[in-house]
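Chemist: turn this into a structure:
(4 chains)
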There are 2 protein chains.
Amino acid sequence: MKPTPRSSQPSCPPADSRADRRAVEGAAADAELAALAKALGHPIRVQILRILVRKEACICGDIVGELPLAQSTVSQHLKMLKEAGLIRGEVDGPRVCYCIEPRALRRLKALVGGL
Amino acid sequence: MKPTPRSSQPSCPPADSRADRRAVEGAAADAELAALAKALGHPIRVQILRILVRKEACICGDIVGELPLAQSTVSQHLKMLKEAGLIRGEVDGPRVCYCIEPRALRRLKALVGGL
DNA sequence: CGGCTTCATCGTAAAACGACGATAAGAGGC
DNA sequence: GCCTCTTATCGTCGTTTTACGATGAAGCCG
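Modeler: You can find the predicted model right below:
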């Protein structure tokens, strides 16, 4: 059990901020919303997302430390969130640094708002 | 195949419109958001919700007619949406009249917006 | 180089989902 | 009463999710 020295402030990519012009209705939007909603459809994943939003910087497997689940299980949830495009993972030495994908989050809000 | 005469304008309950004061964060909110998101986590259910929003009045099993699935399957999706609280079903003679639950939809938007 | 830490992946088992056809249950019409 | 129409529910089957421990891959430190 080392003190786990955090090298420095974890850094996440620039984060592009173009507007999203895609439609919020139609079959494609249905599928998109369903996929995003499905990714959010588990309390643990909601919690992970909130952790990443709160720390607005990206942390790594400290996430595991905050959750009552095995490391492998958390890794699977992270994978789902990543596949849904809601988060991103950057390799930083031996660690991996996750952060939210603001674009996807905005897209989700737009789609839900469009209901 | 009868012309299926629609008796009259289908009517849905008064629809209460009190504000929702519950928190948008915390473990309870996580579970609530996850449950709502899970219900939305299937394209067909998104489509059903949109149908009900579009016709802002409540229709019955015309929904089945708009979807490429068996009646029993649609019924199951409706059940999930109802269990999530997103829609409501009123028995009207031999038919059942579904409509969205505006309160739950607002709640969903608030929770997603709170991310 | 060896060892440690960090994370992903694999294998597995239980549960839940998604779809269907068949069947039951309730209301209306003849 | 009986038959029809509408909807829900049951039983089934294959797929996906959720969880775990065990194992593997990659990077750092001494």
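
Chemist: for the residue nearest in space to the middle of chain A, list each beta-bridge partner.
Modeler: By Cα atoms, centre = their mean, the mean C-alpha position of chain A lies nearest to residue A:87, the distance being 2.8 Å. Counting by DSSP bridges, residue A:87 forms beta bridges with residue A:100.

Chemist: residue A:97 looks like it's in a helix, true?
Modeler: No. The assignment for residue A:97 (DSSP: H, G, I helix; E, B strand; the rest coil) gives strand, which keeps it out of a helix.

Chemist: pLDDT score assigned to the residue nearest to the centre of chain A?
Modeler: The model reports residue A:87 with a pLDDT of 96.

Chemist: surely it is in contact with residue A:80?
Modeler: No. Contact criterion Cβ atoms under 8 Å: residue A:87 and residue A:80 do not qualify, at 9.6 Å. Just so you know, the C-beta spots here come from the backbone N, C-alpha and C atoms, and that holds for glycine as well.

Chemist: might you report the residue contacts of the residue nearest to the centre of chain A?
Modeler: Shown in contact with residue A:87 (Cβ atoms under 8 Å, 6 or more residues apart in numbering or on different chains): A:48-49, A:52, A:78, A:81, A:98-101.

Chemist: run the last query once more with 6 Å
Modeler: A:81, A:98, A:100-101 (Cβ atoms under 6 Å, 6 or more residues apart in numbering or on different chains).

Chemist: which of these has the largest number of neighbours?
Modeler: Counting neighbours by other Cβ atoms under 10 Å in any protein chain shown, residue A:81 leads those with 25 neighbours.

Chemist: ok, now which ones touch that one?
Modeler: Going by Cβ under 6 Å, 6+ apart, residue A:81 touches A:39, A:45, A:87.

Chemist: same question for residue A:80.
Modeler: residue A:39.

Chemist: check residue A:82 too.
Modeler: Going by Cβ under 6 Å, 6+ apart, residue A:82 touches residue A:89.

Chemist: the strand or helix carrying it near DNA strand D anywhere?
Modeler: Per DSSP states H and E: residue A:82 is located in helix A:71-83. Yes. Helix A:71-83 reaches DNA strand D (Cβ under 7 Å from any atom of the strand) through A:71-73, A:76-77, A:80.

Chemist: check stretch A:28-41 too.
Modeler: Yes. Stretch A:28-41 comes into contact with DNA strand D (Cβ under 7 Å from any atom of the strand), by way of A:38, A:41.

Chemist: show me which parts of that stretch are buried, residue by residue.
Modeler: Under the neighbour-count criterion of 16 or more other Cβ atoms under 10 Å in any protein chain shown, stretch A:28-41 has A:29-30, A:32-41 buried.

Chemist: same check on stretch A:103-110?
Modeler: Those would be A:103-105, A:107-110, for stretch A:103-110 by 16+ other Cβ under 10 Å.

Chemist: now tabulate the residues you listed in TSV and tack on distance to residue A:58 and pLDDT.
Modeler: Formatted as TSV, the buried residues of stretch A:103-110 follow (distance: Cβ to Cβ, whole Å; pLDDT from 0 to 100):
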residue	distance to residue A:58	pLDDT
A:103	15	95
A:104	14	96
A:105	14	96
A:107	19	97
A:108	19	98
A:109	20	97
A:110	23	97
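
Chemist: return the member of the residues you listed nearest to DNA strand C.
Modeler: residue A:104 (17.3 Å; Cβ to the nearest atom of the strand).
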